[in-house]
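With the sequence up front, the predicted model follows.
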Amino acid sequence: MNRFGTFVAVTGLSIASIILVGLNLGHWLSAPGTAPIQGDVIVALGGNGGPERVERALELYRNGYAKGILLTGFHRANEQSSNLYRHWEAKLLIEGGVPSEALLFDDQSKNSYEEAHNTALLMQSRHWKRALVISDPPHLRRLALVAR
């Protein structure tokens, strides 16, 4: 085989490999969640815009998996009020029976890495060992990599 033939073969294999990886990457990133275990805090990550994560946090709280809930994804500059308890997520939890003193807010993080870092700092300062993190399947593997 001449040089041009080798180049075409290698290029074709490379393109095919990239396509195969690209088609399966979404499936690989969509790691399944695990069954909940007892923890120190429930962490409902921000960024999805819908109630599913907060509703799951409420369910875990009601079932006694942890004594507190940390809500992330708040940016005080974007809030109309500095009182984060007025935010719809906090209202949903309080109306669902979570006492306001069981709620914590991360209003500093702007992305997943910062959420993981700031949650780790909070846990360390409170001597917590285990957090139940709520996110969506497409984010779980990336989240696990960031958390490490």
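Here it is on my side, so go on. Predicted model only: the values in this text are computed from it and were never measured.

Just give me the neighbour total for the closest residue to residue 93 other than its chain neighbours.
Using Cβ to Cβ, 6 or more residues apart in numbering and skipping residues adjacent in sequence, the residue nearest residue 93 is residue 58, 5.7 Å away. From N, CA and C alone the C-beta is placed, and that goes for glycine too. Using other Cβ atoms under 10 Å, residue 58 has 22 neighbouring residues.

And residue 11, by the same measure?
Counted with other Cβ under 10 Å, residue 11 comes out at 10.

Quick check, pLDDT for it.
pLDDT, residue 11: 78.

Numbering from 580 from now on, please.
Understood, numbering begins at 580; the last thing we discussed is residue 590.

That one belongs to a strand?
No: looking at residue 590 with DSSP: H, G, I helix; E, B strand; the rest coil, it is helix, so not inside a strand.

gap between it and residue 584?
Distance from residue 590 to residue 584, counting by Cβ to Cβ, to the nearest Å: 11 Å.

and residue 710, bridged to which residues?
Beta-bridge pairing for residue 710 (DSSP bridges): residue 620.

about what we covered before: what residues of the strand or helix carrying the residue nearest to residue 672 count as buried?
Assigned by DSSP states H and E, residue 637 belongs to helix 631-641. Of all the residues in helix 631-641, those buried under the rule 16 or more other Cβ atoms under 10 Å are 632-637, 639-640.

One more: stretch 687-701?
Buried residues in stretch 687-701 (16+ other Cβ under 10 Å): 688, 691, 694-695, 697-698, 701.

from the residues you listed, which two are the most distant?
691 and 701 (15.6 Å; Cβ to Cβ).
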